[in-house]
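Novice: mind looking at a prediction? Sequence and model below.
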Amino acid sequence: MSRKVIIRSVVPVALIIVAALAFAIFEPIQVLPRIRLAPGYLLTDQAAATLTSEDVRGDIVLYNFGYSGCGDDCAAMNQTMVDIQGRLDEADVGDTDVRFVTISFDTATDKPPVLQEYAATLDADPKQWSFASGEPDHIANVVKAGFEAYYEERDDGSFTFDPVFVLVDGWGVIRGEYRYQTNASDTDKILHHLDILGEEIRNANGAATLAYEAAHFFLCYP
């Protein structure tokens, strides 16, 4: 292949890359970080059905972690999930479904009937919001090692834990972790991030992909 042919084939690609970088730098593109892969899991939900990480593949999933008997310790966290579910139309995620999964680490108590009652107290839509648990060792591996969410059982059977939300995209990649309160409420912040993620998903194909990859390269995070 001649030098001229090589140059002719390389120049258009270089121009596209330069254009993508310029677009990412000068246009207000934001992306959520690709933090790490979310863990795989095999759980049982409130309907006594199997729930696996593959069942939600392709959906955006917001996870939180708690247990049915946590009372006031879970009140704010649960309310945030309820509020996001009720205001989901404020985030444009296109044709991508959004799911909610609450994983209980009280494996001795939170069997399907208990989880079903717990879900009912929150008016959770069972088609969209799953409450699930599983074997103790598996839950520990999924929650502690995989999602990096802390919990420990106290002597009286209650739990100490850090309330955290984890946002996972349809490829199974963690895109957001919400551990600390800021001036913006978790509800508003997560809805905003859902909107950002939805826009990236809608532009995952075609020429715009390069611009979004450039935005990741330049850490254009909200």
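Specialist: Yes, it's here. Numbers count the residues shown, from 1 in each chain.
Novice: okay, now residue 81: neighbour count?
Specialist: 24 (other C-beta atoms under 10 Å). Every C-beta, even on glycine, is put in place using the N, C-alpha and C of the backbone.
Novice: my bad, residue 44
Specialist: Residues within reach of residue 44, counting by other C-beta under 10 Å, total 17.
Novice: which SSE is immediately downstream of the helix or strand harbouring it?
Specialist: Here residue 44, judged by DSSP states H and E, is contained in strand 42-45. Taking DSSP H and E as the definition, the helix or strand that follows strand 42-45 towards the C-terminus is strand 50-52.
Novice: distance from the chain centre to that next one, please.
Specialist: 17 Å (C-alpha atoms, centre = their mean, to the nearest Å).
Novice: repeat that for stretch 84-92.
Specialist: Between the mean C-alpha position of stretch 84-92 and that of its chain there is a distance of 14 Å (C-alpha atoms, centre = their mean).
Novice: any idea how far the helix or strand containing residue 99 is from the chain center?
Specialist: With elements delineated by DSSP H and E, residue 99 resides in strand 98-104, which encompasses its position. Here strand 98-104 shows a centroid-to-chain-centroid distance of 9 Å under the convention C-alpha atoms, centre = their mean.
Novice: the chain should start at 158 in everything you say after this.
Specialist: In the new numbering, first residue 158, that becomes strand 255-261.
Novice: which strands or helices does it pack on?
Specialist: Packed against strand 255-261 by the contact rule (3 or more C-beta pairs under 8 Å, 6 or more residues apart in numbering; DSSP states H and E) you find strand 217-223, helix 229-243, strand 286-290.
Novice: strand partners (parallel or antiparallel) of the last one?
Specialist: By that I understand strand 286-290. Strands that pair with strand 286-290, judged by DSSP bridges, come out as strand 199-202 (antiparallel), strand 255-261 (parallel).
Novice: nearest residue to the middle of the chain?
Specialist: In the chain, the residue lying closest to the centroid (C-alpha atoms, centre = their mean) is residue 324, at 1.6 Å.
Novice: measure stretch 237-254 end to end?
Specialist: Between the opening and closing residues of stretch 237-254 there is a gap of 19 Å (C-alpha to C-alpha, to the nearest Å).
Novice: for stretch 239-249, same thing?
Specialist: With C-alpha to C-alpha as the measure, the ends of stretch 239-249 fall 18 Å from one another.
Novice: give me the mean pLDDT for that stretch.
Specialist: Averaging pLDDT along stretch 239-249 yields 96.
Novice: do stretch 264-278 as well
Specialist: pLDDT averaged over stretch 264-278 equals 98, rounded to a whole number.
Novice: buried stuff in that stretch?
Specialist: Of the residues in stretch 264-278, those with enough neighbours to count as buried (16 or more other C-beta atoms under 10 Å) are 264, 267, 268, 269, 271, 272, 273, 275, 276.
Novice: that'll do, ta.
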